[in-house]
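A.B. asks: Requesting a structural model of the entry that follows:
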Amino acid sequence: MNDMVDWISRLPDDVLNHILSRLTAKEVVQTCILSKRWKNTWASVPVLNFQLGNFHNDCDWFGRFVDSVFQNRGQSCLRKVIYKGQFEDTSHGPSMEWLDCAAFLMPRIIIVYILSNVDAPLIIPDSVFSCESLEKLALCVQSVPVMTIIRPKSIALPCLQTLVLEHLSLDDDFAQKLLLGCPSLEGLRLEYCDLFISDISSNVLKKLIVRFCCQYQHMRICCPSLIILSIGSIKNSIRIISLEKLTSLVYAQIVLNGNEEMDVNDLPDAQLLSGLSNATSLTFFLRDPDLKEYWKKDITKCRTFKNLKSLEIKARHMINNFDLIACFLEHSPLLQKLTLKCLLKKENIIDAEQDVSFMAEHLETVDIHYPKDGKLPIKLMSMLDRCVKTFGNINISSVG
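C.D. replies: Below is the predicted model:
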């Protein structure tokens, strides 16, 4: 019987590298024992995927492995680095010095996901913020109980297009350096961060997501090229976000939070909703009915949502918020589709006659969704019919 032919080993290096790029770093290094052909193949694979779980969550073993890979890799081209792990029951957090080695190899993508229970912040090397080849950077570093602060001496990332930051503390100095040092930055996502930022201004930014963050001061967002905006579940002070010059905006998603500790009458004038007047599609999640008068005043600051064609509103208290909904409709003359998603099976209704009545000449479809096992929203339909003189089809559905 003829010996079996090792067809895989006969593949060209670029094909082998493509295949090995789908494996974790540990699996790639283990291929060195297969044959002489494979002895050094791992050192040229363009993707390094480090997973702590592959090492039975042994932090020390994992750390030594990561260091060894970079020490023995040489200067071969590196395209992407992934580093993931949950570091628990250890006297020290993960060393981030490997990022210096990674940045030296000029990768296009660096992705870091870390959960550390060590009572000390992690230190992110400044070299990450001066890697000229970097096109995407994701730093999701959750250190409990101390939040990691990002304060590089300088930022020079000329090719960076996408930045994701989670569970980090960010201030104005960082924001200013970032927006000045990243002339190609088109996508920015901030989640679960402590924000001490007063200004996000960029002429190139096209997508901005700010969610689940704690905001500690009035923040101004001025991005003329912005196409997509998502602001949601901001703790402390979503009510003092000002939107300016969003002239290219197409879609926005906003979650409006209340704050039991803050008196609505003491709030500064809002410039959030009124800054969305150029959007063609809006989604709102209204959580607190007590803020409706405040938001109505904000809406009326813009004469009209002149481009708005699709409006989706999610609310726990849909009927109690209806005069706010009517205010949206009144200022959206070109609206074609309205979607109302009722989130409570039953709500305490504060009945009030609506004195708003207007034409909705372009409104073709109204979709009303209510919870499974909830009551048919007859009251809502009646109020909508009384408010809007003309509209097309009404679709009603129960969703689980």
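
A.B. asks: What about the residue lying closest to Leu343 once chain neighbours are set aside, how many residues nearby?
C.D. replies: Spatial nearest neighbour of Leu343, excluding adjacent residues (Cβ to Cβ, 6 or more residues apart in numbering): Arg316 at 4.7 Å. The way it works is simple: take the backbone N, C-alpha and C, and place the C-beta from them, glycine included. Taking other Cβ atoms under 10 Å as the criterion, the count of residues near Arg316 is 15.

A.B. asks: Please state the backbone phi and psi of Arg316?
C.D. replies: Per-residue torsions, Arg316: phi -80, psi -30 (degrees, to the nearest 10).

A.B. asks: ok, now the one 5 residues further on?
C.D. replies: Asn321 has phi and psi values of phi -100, psi 10 when expressed as degrees, to the nearest 10.

A.B. asks: And for Asp298?
C.D. replies: Per-residue torsions, Asp298: phi -70, psi -40 (degrees, to the nearest 10).

A.B. asks: Check the burial of it by counting its neighbours.
C.D. replies: That count, for Asp298 with other Cβ under 10 Å as the rule, works out to 19.

A.B. asks: does it really touch Leu276, like I thought?
C.D. replies: No. Taking contacts as Cβ atoms under 8 Å, Asp298 lies outside contact range of Leu276: 9.9 Å.

A.B. asks: my hunch is that Ile325 is in a helix, does that hold up?
C.D. replies: Yes. Judged by DSSP: H, G, I helix; E, B strand; the rest coil, Ile325 forms part of a helix.

A.B. asks: how deep is it tucked in, by neighbour count?
C.D. replies: Neighbours of Ile325 using other Cβ under 10 Å come to 25.

A.B. asks: Now it. Nearest residue, chain neighbours left out?
C.D. replies: Closest to Ile325 by Cβ to Cβ, 6+ apart is Ile313, at 5.9 Å.

A.B. asks: Need the pLDDT of the one you found.
C.D. replies: pLDDT recorded at Ile313 is 91.

A.B. asks: Going by residue numbers, what spans are helices in the stretch 251-400 of the chain?
C.D. replies: For the stretch 251-400 of the chain, the helices defined by DSSP state H, counting those that start in this stretch occupy 292-299, 322-330, 378-387.

A.B. asks: What of the stretch 101-250 of the chain?
C.D. replies: Under DSSP H, counting those that start in this stretch, the stretch 101-250 of the chain gives helices at 172-181.

A.B. asks: residue ranges with poor pLDDT in it?
C.D. replies: 236-239 (pLDDT under 70).

A.B. asks: Could you point out which of the helices of the stretch 251-400 of the chain sits nearest Phe129?
C.D. replies: helix 292-299 (36.6 Å; Cβ to Cβ).

A.B. asks: what's near enough to touch the residue nearest to Leu343?
C.D. replies: 286-287, 343-344, 347 (Cβ atoms under 8 Å, 6 or more residues apart in numbering).
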